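Student: give me a model of this one.
(one chain, ligands or ions: 4)
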Amino acid sequence: MKDLKCEITIDEMGNIFAVRPGRRKDVPATFIGSHLDTQPTGGRYDGILGVLSGVESLKRMDEMGLETEGGVGVVNWTNEEGARFPVSMIASGVWAECIPLSKAHNLKEVPTVASLPTAASAPETMKSALEKINYLGDVPCSYKTTPMAAHFELHIEQGPHLVSAGQRVGVVTAVQAYRWFRLKIIGRDTHTGTTAFEHRADALYAFALMMVRAREVAAAKGCLASVGIIEVAPGSVNTVPGQVSFSLDIRGPETALVAEVERELRSDFDKIAATEGAGIGKPCRVEWTLDFDSPAVKFHEDCIDCVQQSAHAVVADAPVADTKALVRPIMSGAGHDSVFTSKRVPTSMIFVPCKDGLSHHPEEFSSADDCATGASVILQAVVRYDRK
Ligand code: GLV
Ligand code: MN
Ligand code: MN
Ligand code: MN
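Tutor: Residues are numbered from 1 along each chain as shown. Ligands and ions are numbered 1, 2, ... in the order given. Take a look at the predicted model:
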């Protein structure tokens, strides 16, 4: 981006912005953005494709000598996954002024990362980790300081719909709702060899029942519920666990449905906890902490139009009878930085197929052809938006 003479800024969340200036200096740039961070086992496309498509678009514009009215930018958003610092889309959330900077800076890395042999003895915070890699910038992280005309994002679908239908491009119209919780079950440590079942307040047994219940309740409402992190204490073969902490991720197509699943699970988990240990008059207790709440999002019509027109133009010479059928509207099951940019500026997204619909896995894969199709669509969509 320096070679292309872009203006580069790094803000206090480590977000990296590069802008290729347009004819007018008085209007904000239209951005292509996504993230470079990933999950514990990869893959190599979730987020990264979106950033690379922005870099490629700017290079291509330069090669073509294309002038735009406003500037065109590319942004790499920090910690979109929330895999290491467990709030997803946090840096675009700070930029949108939906998440306070202090909350983001003070966020601690998850225990599974903190306990890796290579980790420092104390868990890093977001701020200390940014400092360590020299990416704690001094530009305020805000849409007011780094404004955008619009935000477009290219991403692999991470699900099976495009690939199973043989379709080339998803025009993303919406993102489903999700909430992330941390829960703690408090029971009582006791001896495994001497404590009858009815005399136990086994936090791990209560957890197992809760996990089964979470799936049943979510499934009945067309939602999803998942546990991804679990810590059991004290962690001994012959002690009944007195404490379990776990993460809970609830998702659904409507904000109200996610709220219903949460309400039902709060009541059911209380009942499960009350039963385990009731025999000794020391029932388990369960505590909930809400870490993150992302209501369902609908993207901006103008951006969706630009993506749709561009997608049809790009697939127009495919060797099939009905090229229109290669493009479809689609809702995102995953969260993306576009969720937060959409709170402040017109936003939409483009999906391309990925092999077996697989993501958050080392075998995550999209063909070079599919990546190129997506990159062509996003470049055209940005130019169309600039000319609107
Ligand atoms: C964000 O990547 C999410 O959907 O968890
Ligand atoms: Mn992503
Ligand atoms: Mn991801
Ligand atoms: Mn992601």
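Student: any figure for the gap between the residue of the chain most remote from its centre and ligand 1?
Tutor: Largest separation from the mean C-alpha position in the chain: T194, at 45.9 Å (CA atoms, centre = their mean). Taking CB to the nearest ligand atom, to the nearest Å as the measure, T194 falls 43 Å from ligand 1. (C-beta placed from N, C-alpha, C; glycine too.)
Student: tell me the pLDDT at that residue?
Tutor: In this model, T194 is scored at 98, pLDDT.
Student: and for A122?
Tutor: Reported pLDDT for A122: 79.
Student: secondary structure element for it?
Tutor: If you go by DSSP states H and E, A122 is not part of any helix or strand.
Student: same deal with A375?
Tutor: Counting by DSSP H and E, the secondary-structure element that holds A375 is helix 368-387.
Student: and for V55?
Tutor: V55 belongs to helix 48-64, assigned by DSSP H and E.
Student: before we move on, what about V212?
Tutor: helix 203-220.
Student: cool, S348 as well?
Tutor: strand 347-352.
Student: let me see the mean pLDDT of that strand.
Tutor: 98.
Student: ok so, going back, confirm the residue farthest from the centre of the chain sits in a strand?
Tutor: No. The assignment for T194, made by DSSP: H, G, I helix; E, B strand; the rest coil, is coil rather than a strand.
Student: which bits of the stretch 201-350 of the chain sit near ligand 1?
Tutor: Residues of the stretch 201-350 of the chain found near ligand 1 (CB under 6 Å from any ligand atom) are 334-335.
Student: and the residue of the stretch 201-350 of the chain closest to ligand 3?
Tutor: A334 (5.9 Å; CB to the ion).
Student: if we can go back for a sec, buried set for the helix holding V55?
Tutor: The neighbour-count check on helix 48-64 (16 or more other CB atoms under 10 Å) flags 48-58, 61 as buried.
Student: residues making contact with the strand holding S348?
Tutor: Here strand 347-352 makes contact (CB atoms under 8 Å, 6 or more residues apart in numbering) with 49, 150-157, 162, 168-173, 299-300, 303-304, 306-307, 311, 330, 332, 336, 338, 341, 366, 370-371, 373-374, 377-378, 381.
Student: taking helix 48-64 as reference, get the angle to that strand.
Tutor: 100 degrees (axes from the mean of the first three to the mean of the last three CA atoms, to 10 degrees).
Student: from here on, call the first residue 81.
Tutor: Got it, first residue is 81 now, which makes that one strand 427-432.
Student: now look at strand 427-432 and say if it contacts ligand 2.
Tutor: No. Strand 427-432 does not reach ligand 2 (CB under 5 Å from the ion); its nearest approach is 9.9 Å.
Student: how far off centre is that strand?
Tutor: On the basis of CA atoms, centre = their mean, to the nearest Å, strand 427-432 sits 14 Å off its chain's mean C-alpha point.
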